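> structural data only, the sequence is not supplied:
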Ligand SMILES: [Zn+2]
């Protein structure tokens, strides 16, 4: 259940940092891989065996690293969430959302933010990215700090991402300098395909048996199909399994070892009608905001630890920089969660926000989650995630004192984030073909 921290361990962060410093020379910098996976729900990786995909690569990383059981994306669609992961800033402050309610012109990441690539380049790293998804185009500002930034199109397949990475392996890993690689995989995003042979696992077959018309062949799963939820979910899980395999090939091909640092995260989850809706970007329920987060620190630091206190994507960059002994930018709003790994840190409330089609803001504080939905006729929902992880019973009327306490923190945090917001972000126009792609991706109605 959320809110219970990890057991204290004897090794502290300071001991690790000081221990390295005590050798008399600068500690060797580990190579770093950041893997972000589009549209990956936490339960597709962490869930009970009959509801999840087979993900041996991610499981292996969790075994040699730390798994964050309650990691939250700050939003439920790509642009704001990824902007938060790469900048350590909250969406309300970095402001990367859509341009206006009518046009989808996406705001461009501000030049002042200090990305992973910029912070690591400053520390002597070579920096490379291989990404897919139209929201991460170089001219939307996501290329800041990269020596090479390869954007492989709007809906690139994971095998293509891995192949492109390995085609440039020499350029990346051959220089003798430490390197940072960011990979973004898109496969679990709509449309869900049957990824044979990944659809053969028992959990997926059980779902697939109930799915009319399933033949075991690759094909598009559309919402017009009967029994859509089951079919879609089976296809989706096969995409997750295929992504896991593609990540494994990338890490093997790059020669990633125990001494390297690997972070795996997702930008948001996906709804399969748990609360009536589909896809993502509309709500802030657990199915779209709770994502897997696995960090394999060098040399099995706290290997196998599971952190159960809630943490945010906003905290990942400050945490990695603290581990490396690199001073974080004063712009970062996330805080290092390394203390939660060693058992000495305290959890803090996390703010969530989505404003693609309608405004929803929310807060997670330990086991409690408050959502404020809509501007006019605002509705409040309060959930006890420890007893009601699927958010079925709104306790707002019953537990008003908790709702009011969370709302107070939410209002204060929101004001502070807004106060720090970048003024006048530029937007990027999308051309006619790109608008077509945005529609196909479900981003324009
Ligand atoms: Zn996404």
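Sure, I can see it. Fair warning: this is a prediction, and the values are worked out from it, not measured in the lab. Residues are numbered from 1 along each chain as shown.

> any low-confidence regions in the stretch 251-400 of the chain?
Counting by pLDDT under 70, the ranges of the stretch 251-400 of the chain that qualify are 355-358.

> for the closest residue to the ion within it, which non-adjacent residue is closest in space?
Closest contact between the stretch 251-400 of the chain and the ion, by C-beta to the ion, is at residue 267 (4.2 Å). Bear in mind the C-beta positions are built from the backbone N, C-alpha and C, glycine included. Spatially, and ignoring its direct neighbours in sequence, residue 267 is nearest to residue 81 (4.2 Å; C-beta to C-beta, 6 or more residues apart in numbering).

> isn't the one you found up against residue 74?
Yes - counting by C-beta atoms under 8 Å, residue 81 touches residue 74, with 6.0 Å between them.

> mutual contacts of those two, please.
Shared contacts of residue 81 and residue 74 (C-beta atoms under 8 Å, 6 or more residues apart in numbering): 91, 313.

> how close does residue 368 get to residue 392?
15 Å (C-beta to C-beta, to the nearest Å).

> just to revisit the earlier point, so the residue of the stretch 251-400 of the chain closest to the ion touches residue 72, yeah?
No - counting by C-beta under 8 Å, residue 267 stays clear of residue 72, with 11.6 Å between them.

> can you point me to the longest helix in the chain?
helix 228-254 (DSSP state H).

> ok, then the element right after that helix?
Going down the chain from helix 228-254, the next helix or strand is strand 261-266, by DSSP states H and E.

> can you list contacts of that next one?
30-41, 58, 61, 65, 71, 73, 85, 247, 251, 256, 291-298, 313, 316, 320, 323-324.

> same for the ion: which of the residues you listed are within range?
With the criterion set as C-beta under 5 Å from the ion, the members of those near the ion are residue 38.

> for the ion, what's the nearest residue on the stretch 51-200 of the chain?
For the stretch 51-200 of the chain, C-beta to the ion, closest residue to the ion: residue 78, 3.2 Å.

> mind listing what's buried along stretch 170-188?
172-173, 178-188 (16 or more other C-beta atoms under 10 Å).

> out of those residues, which one has the lowest pLDDT?
Note: of the buried residues of stretch 170-188, the lowest pLDDT belongs to residue 173, at 89.

> residues contacting that one?
Contacts for residue 173 (C-beta under 8 Å, 6+ apart) come out as 31, 179, 254-255.

> returning to what we had before: the residue of the stretch 51-200 of the chain closest to the ion and residue 137 touch, don't they?
No - judged on C-beta under 8 Å, residue 78 makes no contact with residue 137 at a distance of 11.3 Å.

> bridged to the residue positioned nearest the centre of the chain, which residues?
A centroid search over the chain (C-alpha atoms, centre = their mean) returns residue 266, at 2.5 Å, as the residue closest to the centre. Under DSSP bridges, the beta-bridge partners of residue 266 are residue 37.

> all numbers from here: first residue = 18
With 18 as the first residue, the last one maps to residue 283.

> before we move on, the earlier item: give me the subset of the contacts of strand 278-283 lying in helices.
Under the assignment DSSP H, those contribute 75, 78, 102, 264, 268, 333, 337, 340-341 to helices.

> circling back to that earlier point, mind putting the buried residues of stretch 187-205 into JSON lines with distance to the ion and secondary structure?
Converted to JSON lines, the buried residues of stretch 187-205 look like this (distance: C-beta to the ion, whole Å; DSSP: H, G, I helix; E, B strand; the rest coil):
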{"residue": "189", "distance to the ion": "25", "secondary structure": "helix"}
{"residue": "190", "distance to the ion": "28", "secondary structure": "helix"}
{"residue": "195", "distance to the ion": "29", "secondary structure": "coil"}
{"residue": "196", "distance to the ion": "25", "secondary structure": "strand"}
{"residue": "197", "distance to the ion": "21", "secondary structure": "strand"}
{"residue": "198", "distance to the ion": "19", "secondary structure": "strand"}
{"residue": "199", "distance to the ion": "15", "secondary structure": "strand"}
{"residue": "200", "distance to the ion": "14", "secondary structure": "strand"}
{"residue": "201", "distance to the ion": "9", "secondary structure": "strand"}
{"residue": "202", "distance to the ion": "10", "secondary structure": "strand"}
{"residue": "203", "distance to the ion": "8", "secondary structure": "coil"}
{"residue": "204", "distance to the ion": "11", "secondary structure": "coil"}
{"residue": "205", "distance to the ion": "9", "secondary structure": "coil"}
